[in-house]
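> sequence? don't have it. structure:
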C-alpha cells in the first residue's frame, strides 16, 4: 500500500501536477473535466484508466491527440468497467508471475462512464465487475442524459426534464420516470464502498476517492456532472448549478460502506428550495407553466423524502 | 501528423503521451514534461474563445478556487500561488470569474480583442456590499 | 514458478474441447476471461479445473457475458500479456462488436470458437454460421478438422498472433460436437516443448508499462479511419500467411505434424475436387478414396486458414481440376456461399476452365453422409463429362422436402 497523498487544503491540492490535459474537446464549462481532475489528483500513484464511449471519451482521444497522461483505454459504450477489470486481472497475473516491468509501483484502476454508459447500456458490465470483486473504481459522470449524442433520455434522467426523446410538449412534461438509485444498487453488490460526490465539494470528493482507492475491492462513485449544453445554462454557471444541486439536496452527498454503514457527508447550512435548482436550468423551464407547477411540489416532496430516508439509514447504521 | 499515409503510424491507432520514459508524472509539472506531438497539451483551443479571462494579481488571495474549478487545466498555480492563465487551453467558459471570491474580482471576462494592460488599468473598484 | 506441470502420455484420448484446454494450459495464459456456452463450455470448465488444481498460474475470470469476456480480454491484452478465451454461436454473435475492437486495436488474443449454428430457430449443434459471421472482423481464422488439429493450432495461433510484425487476434475453429465432443487419440507435446514453441510473451504498447503511458481505442473520423483500416488489411494480406507458414514449418520440426495453408488430398491428378472445412474434410477424404476405386479421380481441398484467405494457394491447388464443389456449412441467406464466392474470385482471371458449383449442407448439425459426398462427386464427374455445370449453381444437400437449388 502506497502512502496516501496528503491534501490538507486547497492550496496544498493546487500543487498537484495534472494528469489530464487541456485542448481536449469538451464543451466550455463542462463539469466532466472538473470531476476527472479531482479524481486523478487525489492520488500520486500510477493510474490505469478506461472510459466508456461518451462525451469524455470522444473529446479526449480524438486521433492524433490524447489528453491522458496515464495509460488509458476505450473499447465501447458498455464496457469501460470490464476494460479496466481486464487490465487489473492482467496486473494480478503479472504480479504473481513476477513479470511486472515496474514491480514497485502501486497502480490504481479507474473507469469513467456517463450515465448512459453506466445506468443503461453498461449496467450489466458494471454489475459483473462489482460482483467479481476487482480492485477497481468506477466513476459515473452523471449528467442525466445522453449528452454526447445530443440529449436523449437515459434511466438517470429525472422526472420533468425535457430531452430530445422525451421532450416537453403540448401534452408532455418530458421525462415521466424518476432516475434509478445506482449508489444503492451498487452498494447491494456488497462492495466495500459506494458514494455520491459533486465537484463543488472538492474536499468531500477527494476524501471519498482516497477512501475508495485505499480499500481492497470494487468501488462505485456517482458524480453529479452539470451539463451546460443539455441542462441549458450558461457555461460560466457550472459551479453555481452544482451548488444548487447539492444545497437543494437533489444530489445529497453520502457514502455507503460495506453496504451497511451509510454516512451523510455534507449537510447544507441553508437548504435551497428545489424550485431554485429547477428554475436555473432550461431543461425544466416548462415546469413553471401553471399546468405543471404541481410537479415542482412533487419534486420537493421527493427530495425531502429521500433526505429523510438517508438520515434514518444513517442513524440506524444500516 | 497531418496527412500521413497508412504506413506511417503505429498499429492499432495507439498514441503515446511522452517522448522516452515518463518518470514520476504525478510529481512532474507540465513545464518539465517531455510531451509528444500527440498530447493535446501540444494543441490549442484558443480560437474557441469569444471572451477571455484576465487575471489581476493585485486582488488575488490565492484561494485556488479558480484552479480547482477550471475545467481546462488553464489556471497555472505554482507553489500555492496563482500565477497566470494558460491561454492555449482556456476555452473562455468564465467559471474562474464566477468562483473568484475577492472584491473586486481578481479575474474578469473581456472580449478576446481587448488589451490586457488596458483592462487592468481600468479594473473596477471594490463594490460596497448592500446590507 | 508456483504451478505444477503435468506429465502427459504421448497419446492422450481427448475431445477437441479438452485438447484446446490443454493447449491453453501449456501456453501459460496470463488472463482467461470467459463465459460458458454450449458446445465450447468444456474448454473453460477444463481450464477452470486445471486452475483449481494448481496447474495454471494465470488469472481466470468468469464474467457475466461473452461480450464482457472479450471486453475483459481486450483490457487484459492491452495491459500486456497472453490472453485467451472460448465461445460458440450466440455468444460469438454477442461478442462481434468487440471482435472488431480487438483486431482494430491490434491485440493478440486467441479465441477458441467451437462452431455452432445461429438462432433462430435455436440450435446447439455444429455448423459454420458463427465462423462466417466473423470473417470480416479482422481476425486470423484457423480451422481444425479434428481434436489433434484443435490442440496444435492453438500453439500456431499464439505464435503468429503475438508476433510483433503481426499483432492481430486469432481464432481457432473446431466443429461443435463433431470435434469438440468426439474423443480421439491426440499426440501431445510435453509442457516444456509446447511452451518453448510459443515462447515468453513479448509485451508491446502495454498499459502496465508506467514509464510509457499509452492511449488505446481512440476516435478516428473521415480524416484518419481509412488509413488505420487500410493498415490492418495490408498486414493481414501481406504478413500473416508467410508467418503462419513459418510457424507450420517450425511446428513440424517439434511435432512431426505438417500443416498447410490449404490441405490438399489426392489433388495431384484430380479431375473433381471438393473444397470444404472442419470435420467434412475428413469425410470427404474417405469418400474421395472410394471414388477413385470407382474410376473417378477425386480430390479434396481443405481450408486451413479461413482468414486471411489463401487466395493464390487455393488457385494453385485447383488449377488443373475440371470440376469443383464449394461446400458451405452456413446459410448464405440470399447469395452464393462464402467459399463459392472466394473460390470463384481466386480462379477468375486465371487460365482455369474448371466448372464451379456450390453446395449448402449440414446446417444445425445435420450430418454430411458419405452418400451425400458420393452423389456430389458423381455430379461433379457428370459436369466434367458434359463440359458444363449440369445442375443449378447452388444446391442444398441433406434437407427434407422438394429439391432446393438456385442460380
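Yep, that arrived. Predicted model, so just to flag it, every value in this text is computed and none were measured.
> centroid residue for chain A?
Taking Cα atoms, centre = their mean, the centroid of chain A lies closest to residue A:223, which sits 2.4 Å from it.
> So out of everything in chain B, what residue is nearest chain C?
residue B:12 (3.5 Å; Cβ to the nearest Cβ). Where C-beta positions appear, they are placed from N, C-alpha and C, glycine not excepted.
> Could I get the contacting residues of the closest residue to that residue other than its chain neighbours?
Nearest non-adjacent residue to residue B:12, counting by Cβ to Cβ, 6 or more residues apart in numbering or on different chains: residue C:106, 3.5 Å away. By Cβ atoms under 8 Å, 6 or more residues apart in numbering or on different chains, residue C:106 lies in contact with B:11-12, B:14, C:167-168, C:232.
> Residue C:247 contacts residue C:154, correct?
No: the criterion here is Cβ atoms under 8 Å, and residue C:247 misses it with residue C:154 at 11.6 Å.
> returning to what we had before: and the gap between the residue of chain B closest to chain C and residue C:214?
9 Å (Cβ to Cβ, to the nearest Å).
> Quickly list what's touching both of these two.
residue C:205.
> if we can go back for a sec, number of nearby residues for the residue of chain B closest to chain C?
Number of residues near residue B:12 (other Cβ atoms under 10 Å in any protein chain shown) recorded here: 24.
> on that earlier part again, surely the residue nearest to residue B:12 is in a helix?
No: Residue C:106 sits outside any helix when classified using DSSP: H, G, I helix; E, B strand; the rest coil, being coil.
> Torsion angles phi and psi at it?
When read as degrees, to the nearest 10, the backbone of residue C:106 gives phi 60, psi 50.
> Over to residue C:180?
phi -70, psi -30.
> one step back: looking at residue C:247 and residue C:154 now, which is surrounded by more residues?
Set residue C:247 next to residue C:154 and count neighbours by other Cβ under 10 Å: residue C:154 wins out with 27 against 21.
> Let me see the contact set for the residue in the stretch 1-150 of chain A positioned nearest to chain B.
Closest contact between the stretch 1-150 of chain A and chain B, by Cβ to the nearest Cβ, is at residue A:22 (2.8 Å). Counting by Cβ under 8 Å, 6+ apart, residue A:22 makes contact with A:67, B:40-41, B:45, B:72-74, B:86, B:88-90.
> before we move on, which element is the residue nearest to it when sequence neighbours are not counted in?
Distances taken as Cβ to Cβ, 6+ apart place residue B:89 nearest to residue A:22, at 2.8 Å, with adjacent residues excluded. Counting by DSSP states H and E, no helix or strand carries residue B:89.
> And residue B:89, how far from residue A:24?
From residue B:89 to residue A:24 the distance is 9 Å (Cβ to Cβ).
> gap between the closest residue to residue A:317 other than its chain neighbours and residue A:313?
With Cβ to Cβ, 6+ apart as the criterion, residue A:317 has its nearest non-adjacent residue at 5.9 Å, and that residue is residue A:261. The gap separating residue A:261 from residue A:313 is 9 Å, by Cβ to Cβ.
> Who has more neighbours out of those two?
residue A:313 (18 against 12).
> Wait, a helix at that one?
Yes: under three-state DSSP, residue A:313 sits within a helix.
> residue ranges with poor pLDDT in the stretch 151-300 of chain C?
For the stretch 151-300 of chain C, not a single residue meets the criterion pLDDT under 70.
> Please, where are all the helices along chain C?
C:16-27, C:41-52, C:66-79, C:89-104, C:129-133, C:147-161, C:191-198, C:225-235, C:241-255, C:280-293, C:311-318, C:338-347, C:370-386 (DSSP state H).
> what separates the last one from the chain centre, distance-wise?
What that stands for is helix C:370-386. Mean-position distance between helix C:370-386 and its chain equals 27 Å (Cα atoms, centre = their mean, to the nearest Å).
> Quick check: buried residues in that helix?
By 16 or more other Cβ atoms under 10 Å in any protein chain shown, the buried positions in helix C:370-386 come out as C:372-374, C:376-377, C:379-381, C:383-384.
> where does residue A:241 fall, helix, sheet strand or coil?
helix.
> I'd say it and residue A:283 touch.
No: contact criterion Cβ under 8 Å: residue A:241 and residue A:283 do not qualify, at 11.0 Å.
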